[in-house]
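> need a 3D model of the following:
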Amino acid sequence: MFETLTDRLSQAVRNIRGVGKLTDENIADALKEVRTALLSADVHFRVAREFVERVREKCLGQEVTRSVSPGQQMVKIISDELVTLLGEGSTELSTKRPLKIMLVGLQGGGKTTTAAKLGRQLTQAAYKPLMVACDVYRPAAIDQLEFLANQESFAFYGDRTSKDVPAIAEAALKQANQVEANAIIFDTAGRLQIDEGLIQEIKDLKARVKPDEILLVADGALGQEAVNVAKAFNEAVSLTGLVLTKMDGDARGGAALSMKEVTGCPIKFLGTGEKTTDFEVFYPERMASRILGMGDVVSLVEKAQENLDQKEAERMAEKMRKADFNFEDFLAQMKQIKKMGPLEGIMGMLPGMSGMKIGDEAEDKMKKAEAIVQSMTIYERQHPNVMNGSRRQRIAKGSGTKVSDVNQLIKQFTQMRKMMKKMKGGGMKKMMRQMGGMTGGGGGMPRF
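As a prediction, this is how the structure comes out:
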């Protein structure tokens with residue numbers, strides 16, 4: 001996400017490096033690039049204009065600290081303004097129990113899937129969710145929510161015979177008491193566009209259930225149209241927050257910067273994929289850092305803690321310490337990495353790596369390596385040194401790859417084992433210094 005904005009803003013700050021003082025003249029070109037970057041990312045034109053003006057005012061006449069270049073100083077100013085634009089302060093949900101949450105938005109924005117994702121998020125805070133199907137118009141909407149609820153072991157309430165949405169919601173509140181649910185999520189109906197019927201229904205629903213949170217679920221790729229959608233829903237039911245979906249497939253992400261500015265409502269969550277685990281709490285400071293290509297190490301660590309098996313990690317660390325790493329361990333490591341999501345998303349959280357294009361090629365290489373290892377016998381995985389020519393031919397045939405692919409994987413794996421043995425021998429510091437040169441293609445760590 002935000003690839004376009006990240007690339008253009010990075011270029012903008014390069015234009016003022018080497019200058020001793022930030023003046024109107026030497027930042028004009030850079031600010032023009034900033035404005036173009038924002039508009040290219042589908043940020044609303046008014047939001048882009050006001051953002052640039054605020055940056056200009058803070059940049060003009062500022063003396064540059066000796067230890068900080070003008071470019072770095074401007075990045076700091078832009079970063080601060082991005083944090084303000086994205087929403088300063090807490091973006092957390094209410095802590096009430098029971099907590100009543102109403103999801104609203106247009107059809108196709110991802111409300112039903114978001115309901116399940118949000119329920120999963122709440123279980124981590126010791127809530128017991130109840131999913132309530134209030135979309136009585138879209139075919140299979142009730143079935144979809146019930147399926148997701150069962151998949152995540154959530155309580156569910158739906159009425160396939162009634163069209164009275166407020167009555168359904170009221171009955172669900174009684175059901176919540178019976179099943180001791182303390183987080184009730186109402187998945188409302190959407191339309192292809194905003195109309196009087198949609199607005200009146202959510203107004204009636206709000207009046208009946210008195211929700212603690214009203215979250216607008218919006219497609220992050222809506223672009224400038226997102227502003228009009230957010231404004232209409234906010235005027236109708238007074239939103240308490242925004243959830244932007246499909247952010248994994250949108251390189252621009254201008255909706256995120258526009259919607260908060262126009263509505264005044266904080267962005268609370270981002271949907272970054274189809275799985276219920278592809279859901280992030282939104283932190284303005286972290287997102288601003290990611291947009292400017294400075295990474296988001298905190299989120300990366302949190303993602304690792306959530307998805308990686310601690311005991312497995314400790315076991316693997318011990319095997320690596322003893323230089324006793326085999327293809328079974330290699331396969332287990334790949335599975336752990338895949339749990340954290342697409343490689344490009346992980347790279348985007350590393351400082352200076354957000355502009356790196358991973359693409360399908362790297363994902364394909366990972367799949368190929370996994371297929372090769374899975375085509376080995378258990379004995380071969382545990383004893384990599386037995387790989388003779390006939391075994392390699394069989395493995396290549398079984399994995400649908402070439403013998404040269406098998407050879408390359410084994411070669412890189414052997415290099416990695418040699419590196420581990422050097423670490424075991426007390427050369428850890430030396431190896432850490434050498435690691436920097438390996439990522440550029442100098443050999444060593446397998447690059448899949």
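
> buried ones in stretch 44-53?
44, 47-48, 51-52 (16 or more other Cβ atoms under 10 Å). For glycine as for every other residue, the C-beta is placed from the backbone atoms N, C-alpha and C.

> so what touches that stretch?
31, 34-35, 38-39, 43, 81, 85, 224, 227, 254, 257-258, 261-262 (Cβ atoms under 8 Å, 6 or more residues apart in numbering).

> at 7 Å instead, please
31, 34-35, 38-39, 81, 85, 224, 227, 257-258, 261-262 (Cβ atoms under 7 Å, 6 or more residues apart in numbering).

> okay, and which of those map to helices?
Those of these mapping onto helices are 31, 34-35, 38-39, 81, 85, 227, 257-258, 261-262, per DSSP state H.

> before we move on, back to that, farthest-separated two in the buried residues of stretch 44-53?
Taking Cβ to Cβ, the two most distant members of the buried residues of stretch 44-53 are H44 and V52; they sit 12.8 Å apart.

> got the contact list for the closest residue to E285 other than its chain neighbours?
Once flanking residues are discounted, E285 sits nearest to V83: 5.4 Å by Cβ to Cβ, 6 or more residues apart in numbering. Going by Cβ under 7 Å, 6+ apart, V83 touches 284-285, 288.

> will you turn those into a markdown table that also has pLDDT, secondary structure and neighbour count?
Converted to a markdown table, those look like this (pLDDT from 0 to 100; DSSP: H, G, I helix; E, B strand; the rest coil; neighbours: other Cβ atoms under 10 Å):
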| residue | pLDDT | secondary structure | neighbour count |
| --- | --- | --- | --- |
| P284 | 79 | helix | 21 |
| E285 | 76 | helix | 15 |
| A288 | 73 | helix | 20 |
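
> now T277: which helix or strand?
For T277, there is no enclosing helix or strand under DSSP states H and E.

> just give the number of residues close to it.
T277 has 16 neighbouring residues, counting by other Cβ atoms under 10 Å.

> ok, L39 next?
By other Cβ under 10 Å, 18 other residues sit near L39.

> which element is the closest residue to it other than its chain neighbours on?
The shortest distance from L39 to any non-neighbouring residue, by Cβ to Cβ, 6+ apart, is to A48 (5.4 Å). Assigned by DSSP H and E, A48 falls within helix 45-59.

> hmm, back to that, could the buried residues of stretch 44-53 be laid out in TSV, adding pLDDT and distance to E213?
Shown next, in TSV, are the buried residues of stretch 44-53 (pLDDT from 0 to 100; distance: Cβ to Cβ, whole Å):
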residue	pLDDT	distance to E213
H44	79	25
V47	85	25
A48	86	29
F51	88	28
V52	88	33
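
> and which of those residues is nearest A232?
The nearest member of the buried residues of stretch 44-53 to A232, counting by Cβ to Cβ, is H44 at 14.5 Å.

> how close does the closest residue to that closest one other than its chain neighbours get to E81?
In this structure, H44 finds its nearest non-sequential neighbour in S258, 4.1 Å apart by Cβ to Cβ, 6+ apart. S258 is 14 Å from E81, where distance means Cβ to Cβ, to the nearest Å.

> of those two, give the one with the bigger neighbour count.
S258 (27 against 18).

> tell me the contacts of the more buried one?
S258 touches 43-44, 47, 224, 226-227, counting by Cβ under 7 Å, 6+ apart.

> which residues in the stretch 151-300 of the chain form strands?
Assigned by DSSP state E, counting those that start in this stretch, the stretch 151-300 of the chain shows strands spanning 155-157, 183-188, 213-219, 241-245, 267-271, 279-281.

> of the ones you listed, which is nearest T23?
Shortest distance between T23 and those, using Cβ to Cβ, is found for strand 267-271: 34.4 Å.

> neighbouring strands - and their directions - for the closest one?
Applying DSSP bridges to the sheet, strand 267-271 is found paired with strand 241-245 (parallel), strand 279-281 (antiparallel).

> residues touching G105, list them.
So G105 contacts 111, 190, 216-218 (Cβ under 7 Å, 6+ apart).

> save these as JSON lines, and put in distance to A181 and neighbour count too.
Formatted as JSON lines, the contacts of G105 follow (distance: Cβ to Cβ, whole Å; neighbours: other Cβ atoms under 10 Å):
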{"residue": "K111", "distance to A181": "19", "neighbour count": "30"}
{"residue": "G190", "distance to A181": "24", "neighbour count": "24"}
{"residue": "L216", "distance to A181": "23", "neighbour count": "29"}
{"residue": "V217", "distance to A181": "21", "neighbour count": "26"}
{"residue": "A218", "distance to A181": "26", "neighbour count": "28"}
